[in-house]
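> need a structure here:
(chains A and B)
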Amino acid sequence: MEQLIQEAKKLLEENKVDVVIGYRSSPLPPFTRPAFIRRPEDCEQLVFNCGSVYNLTRYLIGLGEKPAIVVKGCEQRGLVVLEQENMLPRDSYLLIGVGCSGQVDERKLREGGFDRLPEQLSDELMADKCLYCDQHNTPDADIFVGDEVESVEPRTERYAGLDEFFAQDYEELYHHWTEVFSRCIRCYACRNICPLCYCEQCISYVNMPQWLPRSVADNNNYLFHMRRVLCMAGRCIDCGECERACPVDIPLRTLYKRIAQKIEGFFYGYRAGNNREQLPPLQDFNKDDSADFIL
Amino acid sequence: MKMQKLSEDDIRAGLDKLSRETVVYAPMEQEGRLDFRKMEKGGEVELGARKTIMSAKKLFLPQAEELFSFKAGKHSVEMIDPPKDEEPLVLFACRPCEMRALEIMDKVFNWDYADFQWNERRARATIIVFACLEPLTETCFCNSLGIDSSRSDGADAIIYTTAEGFFARAHSEKGKKALKVFVGKDEEAPEFTTRDFPEKFNTDLQEKMMENFESPTWKEIAPACIGCGICTFVCPTCHCFDIQDEGGRRVRLWDYCTGADFTLMLAHQPRPTQYRRYRQKVMHKYSYYPTRFGEILCTGCGRCIDQCPQNIDFREVLKKCNRLAPAETGGEE
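All right, here's what the predicted structure looks like:
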């Protein structure tokens, strides 16, 4: 990643940015961690590999400095959504693009007792979202470092298994998710790690009146998560960070993917962040809009 | 020294018996997640060297606890105490760092006000500690906090794991009583000492941090912190709580200083940026608490490192704090 280091150095030396947000290596899985580089001489720390799992775009809102940021293809979609929602102008950051042929599943890495990243990332060790990736290279990059990655055939289907799973009746689904959410510790890591959760006052903070009781209890946890699913409708880019962050392995992507699948069906194949010109469903009204799911 | 020698079968049989007599909490796995759970019939207790996700703290300071409930009448308010849980409980196989954490927190829970919920739970618990002769994971650093994990004097009993089986020894009457359910003969036990712990580093940061409160370096300590509650929730010593009314119940809830709504008031937030909140976390543990209670509010269990979604290594944070430099200009931005 010599090119990444040189470009980052140049940006800092020429005062084009105040900080370069990227990845540096770590002795602990997934063997990288987020890096905030402010001095040209520290750019040597920068790396990019299959352990660069973090979606760093989460750090952009409210940063207060001009950044250059390393962004993977899938994560760039979040920047499009933030721009469409008027939260982050495109000229407020420099986008360093990379080619990414897949990221590790951090959990599998830990469980497998790996003491370093594999030389060649196998499908078995790969994060689920990467198996059907259709955006290996960062679009819209100001600077692209390294080689572009050639597209590979998806090994799984984005919404595989969802129709079957959600075909269960409502009672069964309710019991299933209540049970799953019962282990939630309400640490809010899923919310805080999300690049699209930017509300200054999340509804889960409000306590006058208290919409969402804070107590860890089945119905409260259910409410917290289901409310969040609605927040993500038409917005989730499936970067998978919520699920990666969850300390108790709640399969959040199952829910977020389901709502994305529904939106895609209702609104002309809309997929959040895929196309800057296509307005998000909530920002657009079309006389042909499907209305059979509402009154 | 003579100790009670036990086989794995002795321990499992004893636990089975114990869990029929009293409530037993022990590390148990569920879908790959190891945590302290209530022993039900047939439950398999983890006896090996593995760390639970959450610490044993939750048994003494539950994440959500009803303090009382209330009903408003026309001219009066009726206050109702929550149902009391008076059953004795046995906490089995927590680790010396977790035991130490309880002793450290005893101080704050008995400082200006004796917290009866805490004290009552502490009093009815019998704690059987598993010694750590080696670090459980590569993130353990209790030795840097002055903890000798081959002992746990505050525990009611301690159990050592060796290649030949287990050796148990009681420290208190409660411990003696609990160990009685385990069969096994007294045998001469070997000398137990710790090995293979990482190199110690300086954790005496009380003055250093106070002197450098305004240091610009704080901004570089943990810029990756996303302000979630994981590190504080899994921590055996973090005990900050919030009190909220939920319907007709007043509840005490774990709170987390890294979160943006911690100490948030209607018009004020004394720590409006993330680095200030992170500074609060470090300084509460390594400066304010030692100043008031003479103990560091951290036992080096490493759970915050294990579980941090952004891979922030608290040891690295502390090492950076050792190198805090004074502000050149003074004053915060």
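> Surely B:E134 and B:C142 touch.
No. The criterion here is Cβ atoms under 8 Å, and B:E134 misses it with B:C142 at 11.7 Å. C-beta here means a position set from N, CA and C on the backbone, and glycine is covered the same way.
> Identify the contacts common to those two.
In the contact map built from Cβ atoms under 8 Å, 6 or more residues apart in numbering or on different chains, the residues linked to both B:E134 and B:C142 are B:F197.
> Of those two, give the one with the bigger neighbour count.
Set B:E134 next to B:C142 and count neighbours by other Cβ atoms under 10 Å in any protein chain shown: B:C142 wins out with 23 against 13.
> interface residues of chain B facing chain A?
Applying the criterion Cβ under 8 Å from any Cβ of the partner chain, the portion of chain B that neighbours chain A consists of B:31-33, B:53-54, B:63-64, B:138-139, B:220, B:223-224, B:226-230, B:233-234, B:242, B:244-247, B:251, B:253, B:256, B:259-261, B:264, B:305, B:307, B:309-313.
> Secondary structure element holding the residue nearest to A:S101 when sequence neighbours are not counted?
For A:S101, the nearest residue in space outside its immediate sequence neighbours is A:V149; the separation is 4.8 Å by Cβ to Cβ, 6 or more residues apart in numbering or on different chains. Using DSSP states H and E, A:V149 falls within no helix or strand.
> OK, contacts around A:V149?
Contacts of A:V149 by Cβ under 8 Å, 6+ apart are A:99-101, A:136-137.
> Widest-spaced pair of those residues?
Between any two of these, the greatest separation by Cβ to Cβ is 10.0 Å, found for A:S101 and A:N137.
> who's more crowded, the two?
It is A:N137, of A:S101 and A:N137, that has more neighbours when counted by other Cβ under 10 Å, with 20 against 16.
> From the chain's centroid, how far away is stretch A:205-214?
Distance, stretch centre to chain centre, for stretch A:205-214: 27 Å (Cα atoms, centre = their mean, to the nearest Å).
> buried ones in it?
A:205, A:207, A:212-214 (16 or more other Cβ atoms under 10 Å in any protein chain shown).
> Give the PyMOL command for selecting the buried subset of the residues of chain B next to chain A.
This is how PyMOL selects the buried members of the residues of chain B next to chain A, with burial counted by 16+ other Cβ under 10 Å:
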select buried, chain B and resi 53+54+63+64+139+223+224+226+227+228+229+230+233+234+244+246+251+253+256+259+260+261+264+305+307+309+310+311+312+313
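> can you pull out the strands in chain B?
For chain B, the strands defined by DSSP state E occupy B:2-6, B:23-30, B:33-38, B:64-72, B:77-80, B:89-94, B:125-130, B:157-162, B:165-170, B:186-188, B:241-246, B:249-254.
> Now mean pLDDT too, for these, in a markdown table please.
Rendered in a markdown table, the data for these read as follows (pLDDT from 0 to 100):
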| stretch | mean pLDDT |
| --- | --- |
| strand B:2-6 | 96 |
| strand B:23-30 | 96 |
| strand B:33-38 | 96 |
| strand B:64-72 | 94 |
| strand B:77-80 | 94 |
| strand B:89-94 | 97 |
| strand B:125-130 | 98 |
| strand B:157-162 | 98 |
| strand B:165-170 | 97 |
| strand B:186-188 | 95 |
| strand B:241-246 | 92 |
| strand B:249-254 | 95 |
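> winner for burial among those strands?
Comparing those by mean neighbour count (mean count of other Cβ atoms under 10 Å in any protein chain shown), strand B:125-130 ranks first with a mean of 26.
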